[in-house]
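In: give me the fold of what follows.
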Amino acid sequence: MGLADGFSLVLATRNRKEFLSCAVAAVVCNTREPFELIIMDNASDDGTREMCRTLEEKHPGIVRHVRLKRNLGTNAYALGFLQARYNYLVDMDDDILALSKGWDQATIAAFRNFPRLGFLAMNVVQDKYTNGAKKGISEYRESVVSDTTIEIGPTGGWFAVTTRAIYNEVGGFIFRPYKPFLPEDGKYVRKLSKRGYFAGILKKKFVYHASGPYWNGAYGYDKIWDEKYRRDHKELLPLIHDVLIDEVPSPQYAQSMVIKAAEQA
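Out: Numbering: from 1, shown residues only. Below you'll find the predicted structure:
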């Protein structure tokens, strides 16, 4: 029996409940196709569990909280995808503050118009706070089919989509319980390339992704990544919670920037 048409968004998090509530709101307010949002909670101890219960009650049948007994980092995505009930799989970071309306319909059109598309990220707002972790413009080339424009080039899992059929064919994210912080989305894209698929960014649909070098440098988030990759990966490392929601733009500001960016794209 095949999966239903719709989107399964998998979000991995640990001890960032303030970001989490914004990310869920961004998805719920801007998604029209059938969807579910699976929150993979890496053994948080900051009140994330209680917040997720509230979100489940507020959005019954849509938000689902899966609490892990230990921190598995990015490997939580692989476990989340195993539970997905829809045919589009979304790899979503927990620090998404805003999202374009119509991203879901535009994504469906993109996969229809580009048969060898394997991994599609939403575009990112770039302002004084963040560049959204997107590479420089020289890294991309545009391709247009019908009314869909894709920037072919480097992408990551800030808010990116593949299909279950492609995921199964290519092999999916690799689950390594003792290496929780490997960049599995990058490995997935490399595997896609070997199978003749490409990755890219949907030019006219945006997210406000709080991470990125500008914001990292301003608020010390880069220290988190330094710790993740510098240590022995056999340790189950905690995410360091030294960045608070009041140190980044408000969701209202982020949504206004998403709208502005889409108008200018």
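
In: need the contact list for Asn30.
Out: Taking CB atoms under 8 Å, 6 or more residues apart in numbering as the criterion, Asn30 is in contact with Leu99, Ser100, Lys101, Gly102, Trp103. C-beta coordinates here come from the backbone N, C-alpha and C atoms, glycine included.

In: in which helix or strand would I find the third one?
Out: Read that as Lys101. Taking DSSP states H and E as the definition, Lys101 sits outside all helices and strands.

In: can you count the residues close to it?
Out: 16 (other CB atoms under 10 Å).

In: quick one: the strands in the protein?
Out: Ranges of strands in the chain, per DSSP state E, are 4-13, 35-41, 63-67, 86-92, 96-99, 117-124, 141-145, 148-152, 159-163, 198-209.

In: make a markdown table out of those and add mean neighbour count and mean pLDDT.
Out: Rendered in a markdown table, the data for the strands of the chain read as follows (neighbours: other CB atoms under 10 Å; pLDDT from 0 to 100):
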| stretch | mean neighbour count | mean pLDDT |
| --- | --- | --- |
| strand 4-13 | 21 | 93 |
| strand 35-41 | 23 | 96 |
| strand 63-67 | 17 | 96 |
| strand 86-92 | 24 | 95 |
| strand 96-99 | 28 | 94 |
| strand 117-124 | 26 | 97 |
| strand 141-145 | 12 | 97 |
| strand 148-152 | 20 | 97 |
| strand 159-163 | 25 | 96 |
| strand 198-209 | 25 | 96 |
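
In: any chance of TSV for those, columns distance to Cys22?
Out: Putting the strands of the chain into TSV (distance: least, CB to CB, whole Å) gives the following:
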stretch	distance to Cys22
strand 4-13	11
strand 35-41	13
strand 63-67	14
strand 86-92	12
strand 96-99	5
strand 117-124	16
strand 141-145	30
strand 148-152	26
strand 159-163	13
strand 198-209	9
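
In: quick check: which of those is nearest to Val189?
Out: Each of these has some distance to Val189 by CB to CB; the shortest is strand 198-209, at 4.7 Å.

In: run the angle between that closest one and strand 117-124 for me.
Out: 30 degrees (axes from the mean of the first three to the mean of the last three CA atoms, to 10 degrees).

In: nearest residue to the residue most central in space within the chain in space, please, no chain neighbours.
Out: Note on the chain: the residue nearest the mean C-alpha position is Met92, at 1.9 Å, using CA atoms, centre = their mean. Leaving out its chain neighbours, the residue that sits closest to Met92 by CB to CB, 6 or more residues apart in numbering is Leu11, at 4.6 Å.

In: where does the protein have low pLDDT?
Out: Using pLDDT under 70 as the threshold, the predicted model of the chain has low-confidence ranges 1-2, 177-183, 213-247.

In: ok, Ala106 touching Ile201?
Out: No - in terms of CB atoms under 8 Å, Ala106 does not count as a neighbour of Ile201; the distance is 11.8 Å.

In: identify the contacts common to the two.
Out: Counting by CB under 8 Å, 6+ apart, Ala106 and Ile201 have no shared contacts at all.

In: and the gap between Val258 and Ala265?
Out: Here the criterion is CB to CB, to the nearest Å. By it, Val258 lies 11 Å from Ala265.

In: right, I'll call it a day here.
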